[in-house]
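Student: Got a predicted structure plus its sequence, pasted below:
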Amino acid sequence: MMNIRKANDRGHADHGWLNSYHTFSFANYYDPKWMGFRHLRVINDDTVAAGAGFGEHPHRDMEIISFVLDGALQHKDSMGNGRIIKPGEFQYIAAGTGVLHSEYNPSPRDPVHFLQIWIQPDKTGAKPAYGEKAYSSAMPGRLNLVASKSGRDGSLRINQDTDLWLARFSHDEKLTHELRPDRHAWVHVAEGSVELNGKRLVAGDGVAASQESKLELAGKGNAQVLLFDLN
């Protein structure tokens, strides 16, 4: 069974310096039908204007993953990390017992476009942690493991039984992801357009999949897709 969440149906907030689309209920956007999926709680599709950003603010007991699509995102946090995240790079924070961080667009002229993802952890009070993974040179037509509970295959180790995969397409590549009977999936089209089990999806679309044994993705030109394999 697949439930499609169309890009145009998402929540939207335009603050001038920030243009944000919310896949799930967030801040002033509330929809009881879309509070999250399994332990996936937030997918915000954010564009931040040049020279603007989120000032220092706290987080606690949440797994936070950012994926930069275009531009650059400057990060600083209370753990001592400071970094400019570029397209194709993922950044991870385990907020745990509490962290402070800020996110700014360091460019004087260009916006930054990125996805911010929140996953509810499997335990509270974890030690805060930070990590990064770069996939700017990832080959099209493959599933690249970004994050997992075990940190296998060099992926980011997170505090939840979730596998996050990145799929990139350049033409008409095809790939298949098999789901165990006890697992669920969320597919988010970050850029471009693809077909999922024969259904056409465009950037911003999301799909909740349960009781599906296979997810078959077919590229339709340049595209990037995030696939969450969830318990």
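Tutor: Thanks, I have it.
Student: Can you name the residues that contact Ser107?
Tutor: With contact taken as Cβ atoms under 8 Å, 6 or more residues apart in numbering, Ser107 is in contact with Ala50, Gly51, Gly71, Ala72. No exception for glycine: its C-beta is placed from N, CA and C like everyone else's.
Student: ok, the residue nearest to Gln120 when sequence neighbours are not counted - how many residues close by?
Tutor: Of all residues not flanking Gln120 in the chain, His39 sits nearest, at 4.3 Å (Cβ to Cβ, 6 or more residues apart in numbering). Using other Cβ atoms under 10 Å, His39 is surrounded by 17 other residues.
Student: Show the contacting residues for His39.
Tutor: The contact partners of His39, by Cβ under 8 Å, 6+ apart, come to Ile119, Gln120, Asp122, Gln160, Thr162, Leu230, Asn231.
Student: returning to what we had before: and the contacts of Ser107, which are buried?
Tutor: The neighbour count (16 or more other Cβ atoms under 10 Å) marks Gly71, Ala72 as buried among the contacts of Ser107.
Student: Arg142: neighbour count?
Tutor: 13.
Student: Touching, it and Ser170? I think so.
Tutor: No. When contacts are counted by Cβ atoms under 8 Å, Arg142 is not listed as touching Ser170 (11.3 Å).
Student: Leaving out the residues flanking it, which one is nearest to Ser136?
Tutor: In this structure, Ser136 finds its nearest non-sequential neighbour in Gly88, 3.0 Å apart by Cβ to Cβ, 6+ apart.
Student: wait, the one you found sits on Val68?
Tutor: Yes. Using Cβ under 8 Å, Gly88 is in contact with Val68, at 7.2 Å.
Student: Just the mean pLDDT for the helix or strand harbouring Glu103, thanks.
Tutor: Taking DSSP states H and E as the definition, Glu103 sits inside strand 99-104. The average pLDDT within strand 99-104 is 97.
Student: Give me the contacts around it.
Tutor: Residues from elsewhere that reach strand 99-104, judged by Cβ under 8 Å, 6+ apart: 48, 51-60, 66, 73-79, 93, 128.
Student: Narrow those to those in helices?
Tutor: Among the contacts of strand 99-104, none falls in helices (DSSP state H).
Student: Give the ChimeraX command for selecting the buried subset of these.
Tutor: To isolate the buried subset of the contacts of strand 99-104 in ChimeraX, counting by 16+ other Cβ under 10 Å, use the following:
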select :48,53,54,59,66,73,74,75,77,93,128
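Student: So what sits opposite Ser102 in the bridge?
Tutor: With DSSP bridges as the criterion, Ser102 is bridged to Lys76.
Student: wait, what's in contact with the residue nearest the centre of the chain?
Tutor: Nearest to the mean C-alpha position of the chain, by Cα atoms, centre = their mean, lies Ile117 at 4.4 Å. Applying Cβ under 8 Å, 6+ apart to Ile117 gives the contacts Leu40, Val42, Ile43, Asn44, Ile64, Ile65, Ser66, Phe67, Leu164, Leu226.
Student: Farthest-apart pair in those residues, please.
Tutor: Asn44 and Leu164 (15.6 Å; Cβ to Cβ).
Student: okay, these two: which has more neighbours?
Tutor: Taking other Cβ under 10 Å, Asn44 and Leu164 do not tie; Leu164 has more neighbours (28 against 22).
Student: For stretch 179-190, which outside residues touch it?
Tutor: Residues outside stretch 179-190 that contact it (Cβ under 8 Å, 6+ apart): 7, 23, 37-38, 40, 43, 67, 69, 115, 177, 196, 201-215, 217, 223-231.
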